[in-house]
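Visitor: need coordinates for the below:
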Amino acid sequence: MRREPVSLTRHLRVYAYRAYTVLEFRGEIDIIAADEILPLLDRVTGRPGARVVLDLRPVEFFDCSGLRLLYRARARILGHDGQVHLVCTHPLTLRVLRVTGLSRLLPPHATTDAALAGAGSASGAR
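Guide: Next up, the predicted model:
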């Protein structure tokens, strides 16, 4: 049950799904994309008690700028007593998440529903 996007840029689509806000990253997430994404990311992740899914499935390229966005989102959401979950299936992006240790802090799931099925677990825990 998806709803119309709340916000849409070339690199980020924001929409509501169940009781969560989904930030769907798209295309090449590099320093230029990060500058475009950051204002929307901060708006969503700065809300008290935000419940957010970070969806990387449509990502084609992901560099350290993308990692910074994920770390920032996680810190802001948890700092405001929210919940954060990650969806990612791209093998190279998953490898980057593993190598950097981010996958331990923000375990990736294959689908949004799978991420939300574990919503009561330690996903995104401090």
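Visitor: excluding its backbone neighbours, what's nearest residue 13?
Guide: Closest residue to residue 13 in three dimensions, ignoring its sequence neighbours and counting by CB to CB, 6 or more residues apart in numbering: residue 24, at 4.3 Å. For the C-beta atoms, the positions are set from N, CA and C on the backbone; glycine is no exception.
Visitor: that neighbour belongs to a strand, doesn't it?
Guide: Yes - counting by DSSP: H, G, I helix; E, B strand; the rest coil, residue 24 is located in a strand.
Visitor: what is the burial count for it?
Guide: Using other CB atoms under 10 Å, residue 24 has 21 neighbouring residues.
Visitor: what's near enough to touch it?
Guide: Contacts of residue 24 were listed using CB atoms under 8 Å, 6 or more residues apart in numbering, and they are 12, 13, 14, 15, 55, 57, 58.
Visitor: show me where the protein has helices.
Guide: Remark: helices assigned in the chain by DSSP state H are 31-45, 64-79, 91-100, 102-105, 112-117.
Visitor: alpha carbons only: can I get stretch 78-88 in CSV?
Guide: Only the C-alpha atoms of stretch 78-88 are listed here, as CSV (Å, rounded to 0.1, in the frame of the first residue of the first chain):
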residue,chain,number,x,y,z
LEU,A,78,18.0,7.7,17.1
GLY,A,79,18.9,11.0,18.7
HIS,A,80,15.2,11.9,18.5
ASP,A,81,14.0,8.5,19.9
GLY,A,82,12.9,7.3,16.4
GLN,A,83,13.3,4.0,14.5
VAL,A,84,15.3,3.5,11.4
HIS,A,85,15.5,0.5,9.1
LEU,A,86,17.6,-0.1,5.9
VAL,A,87,16.6,-1.9,2.7
CYS,A,88,19.4,-2.8,0.3
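Visitor: list of residues touching it?
Guide: The contact list for stretch 78-88 (CB under 8 Å, 6+ apart) reads 20, 45-57, 59, 70, 73-74, 77, 94, 97, 106-112, 114-116, 118-119, 123-126.
Visitor: so of the residues you listed, which ones are in strands?
Guide: Taking DSSP state E, the ones among those that sit in strands are 20, 51, 52, 53, 54, 55, 59, 108, 109.
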